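J.: Fold the stuff below for me.
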Amino acid sequence: MRALISVYDKDGIDDFARGLAELGWELVASGGTAAHLESLGLAVERVESLTEFPEMLGGRVKTLHPRIHAGILARRDRDDDVATLEQHEIAPFDLVCINLYPFEQVAAQRGVTEAEAVEMIDVGGPSMLRGAAKNFAHCAPVCRPAQYAFLLDELRANGSLSAETRRELAAEAFATTAAYEAAIATWFADREPFPETVVLALDKVLDLSYGENPHQRAAYYSERGARTHLLARVEQLHGKELSFNNLNDLSGARMLAREFTLPACVIVKHANPCGAALGATLAEAYDRALASDPVSAYGGIVVVNREIDEALGEKLARQFVEVLFAPGYEQAALVALTQKQNVRILVDHERRRTIGDARHYKRVLGGLLVQDPDADIEEREGWEAVAGDVDERQWGDLVFAMRVCKHVSSNAIVLVKDLATVGIGAGQMSRVDAVRIAVEKAREHGHDLQGAVLASDAFFPFADGPQLALEAGVTAIVQPGGSRRDEEVVAAAAASGAAMVFTGRRHFRH
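T.: Below you'll find the predicted structure:
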């Protein structure tokens, strides 16, 4: 049996190569890999002695040779292939162990030049890996250190690899080369916001217990090359496995929480915020977010942007929370929280505000819709007061309300008072119905709407929606404007003595 080994990442290769040698395998290796294995005392045939050609062009050419590729691609069950090998005195390979130049890691480094990135584009490695994967029935392709141990176990137990194992190795090899090429293509196309072809490579992060419903299988994948992702640098300290719905809700909650730098709490249920608030302390922010809609908050996702202390931990332990996400926990808080067996406690070790900066993809029948992420709220820049006067307290509430509104399913209406939501209407086909629901929610939970503000993710087509809010006590409204009936809508606000602000930018979220 004969193995060709050419790896950039030497992790685990010592034990794998030694294990193959102990099983009687001949080892062939290129350049640095050969030198590394020889330093371990292993007998290695160098690629240049096999091909009778030295490495060329600074190492760019070393394995691109018929004696290599014929040995990989030859079909042992075909007499003509076997005869060709004998005619040219080429010995076949039974296993190819390859991992590729770290193009993505190098290209992502700050200050790397184009020439430096291009040199990390592997040519020979993908060619050999694809060749072995094509000929998997006779030549096993190995592309990840994580495969080494179980392959050695199977070889020791059976003397060979099963057809099913070979097929799985081929699938992983083609996925590896496809992802590698996708990363390179994305890098070259980076200057074009929407290139002619978009190639996505996704890596599995987590198997999920089930999907949106129990009969659906599911897993979580991260996008290859993304600066960070939903669970990057996130550690689960306690609780059951994360589910599909947990992750979907957590994504929405994290996206909203990143809008704020002051102590903030966001509570999300079914991908929509049911409570969000700022406070002088984190405990105050939590109390106010929960008060927004305590019924909907039951079994929700709670995301905060400060460490959870003992007092807040004990308070949270009395509430049914599916997932709790924070940058830290006092030990005493964890003691209280872990009394609940099922609550999933996550700690965020990420300190960069990069979640959601990449393009957004939405699955549709047979394809994807691709768009830029929704822009950050402009902090009043370009906003225009078209009715009434807006005082500083109202400005603060209006900006806060629009930040929340941007993360609510359309049609979206958000009522806010003193930097806390008091009523939210989400996902309605009619904007006036969204207003009605937001007002009814606020009243249901005892909120006084006198002096509250309203944010709408898109313009009001008629004055009926604003009129409902104004009659309930709302004194300021922020919306994009742009309706043919803007004059009618503005007049309704002015007639009631309320202020109205146009932002000129809508924030649909479907």
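J.: Helix, strand or coil: sort out A277 for me.
T.: In three-state terms, and counting by DSSP: H, G, I helix; E, B strand; the rest coil, A277 is strand.
J.: Any idea what it is bridged to?
T.: C265, A420 (DSSP bridges).
J.: quick one, what contacts it?
T.: Residues touching A277, when contacts are defined by C-beta atoms under 8 Å, 6 or more residues apart in numbering, comprise 264-265, 284-289, 292, 419-421. Glycine gets a C-beta too; all of them are placed from N, C-alpha and C.
J.: Looking at the residues you listed, which two lie furthest apart in space?
T.: E284 and T421 (14.3 Å; C-beta to C-beta).
J.: between these two, who's got more neighbours?
T.: Remark: of E284 and T421, T421 carries more neighbours, 32 against 16, as counted by other C-beta atoms under 10 Å.
J.: residue ranges of the strands in the stretch 151-300 of the chain, please?
T.: For the stretch 151-300 of the chain, strands defined by DSSP state E, counting those that start in this stretch occupy the ranges 202-208, 218-223, 234-238, 264-269, 272-278, 300-304.
J.: Kindly format the C-alpha coordinates of the helix or strand of the chain with the lowest mean pLDDT as CSV.
T.: Lowest by mean pLDDT, DSSP states H and E among the helices and strands of the chain is helix 47-51, with a mean of 76. Provided in CSV are the C-alpha atoms of helix 47-51 (Å, rounded to 0.1, in the frame of the first residue of the first chain):
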residue,chain,number,x,y,z
VAL,A,47,8.3,13.4,-5.0
GLU,A,48,11.3,14.8,-7.0
SER,A,49,13.0,11.4,-7.0
LEU,A,50,9.8,9.8,-8.2
THR,A,51,9.2,12.3,-11.0
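J.: Report all helices and strands that that helix contacts.
T.: Applying 3 or more C-beta pairs under 8 Å, 6 or more residues apart in numbering; DSSP states H and E, one finds that helix 47-51 contacts strand 26-29, helix 66-73.
J.: quick one: which of these is nearest Q341?
T.: Comparing these under C-beta to C-beta, the one sitting nearest is strand 26-29, at 51.2 Å.
J.: now that closest one, how far from the chain's geometric center?
T.: Chain-centre distance of strand 26-29: 40 Å, with C-alpha atoms, centre = their mean, to the nearest Å.
J.: Show me the shaky parts of the stretch 251-400 of the chain.
T.: 352-357, 377-378 (pLDDT under 70).
J.: where do the helices sit along it?
T.: Assigned by DSSP state H, counting those that start in this stretch, the helices in the stretch 251-400 of the chain fall at 282-292, 310-317, 331-337, 392-405.
J.: Kindly reformat these as TSV and extend each row with distance to H360.
T.: Shown next, in TSV, are these (distance: least, C-beta to C-beta, whole Å):
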stretch	distance to H360
helix 282-292	26
helix 310-317	31
helix 331-337	33
helix 392-405	18
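J.: To L4, which of these lies closest?
T.: Of the helices of the stretch 251-400 of the chain, nearest to L4 by C-beta to C-beta is helix 331-337, at 50.6 Å.
J.: Name the residues that touch the closest one?
T.: 237-238, 308-310, 312-314, 316-317, 324, 329, 343, 345.
J.: Ok, stretch 460-472 next?
T.: With C-beta under 8 Å, 6+ apart, stretch 460-472 has contacts from 413, 415, 431-432, 434-436, 438-439, 442-443, 449, 452, 454, 456, 477, 479, 483-485, 488-489, 491-493, 496, 498, 500.
J.: Could I have the PyMOL command that selects the buried members from the residues you listed?
T.: Selection of buried members from these for PyMOL, criterion 16 or more other C-beta atoms under 10 Å:
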select buried, resi 413+415+431+432+434+435+436+438+439+442+449+452+454+456+477+479+483+489+492+493+496+498+500
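J.: So which of the contacts of stretch 460-472 sit within helices?
T.: 431-432, 434-436, 438-439, 442-443, 488-489, 491-493 (DSSP state H).
J.: Looking at the record's assignment, how would you partition the protein?
T.: With automatic domain parsing as the criterion, the domains of the chain are listed as 2-188, 231-348, 384-502.
J.: mind checking which of those domains is nearest R509?
T.: Short answer: domain 384-502, nearest of the domains of the chain by C-beta to C-beta, at 5.6 Å.
J.: about what we covered before: let me have the strands of the stretch 151-300 of the chain in CSV, extended by distance to L50.
T.: Putting those into CSV (distance: least, C-beta to C-beta, whole Å) gives the following:
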stretch, distance to L50
strand 202-208, 34
strand 218-223, 39
strand 234-238, 47
strand 264-269, 60
strand 272-278, 63
strand 300-304, 58
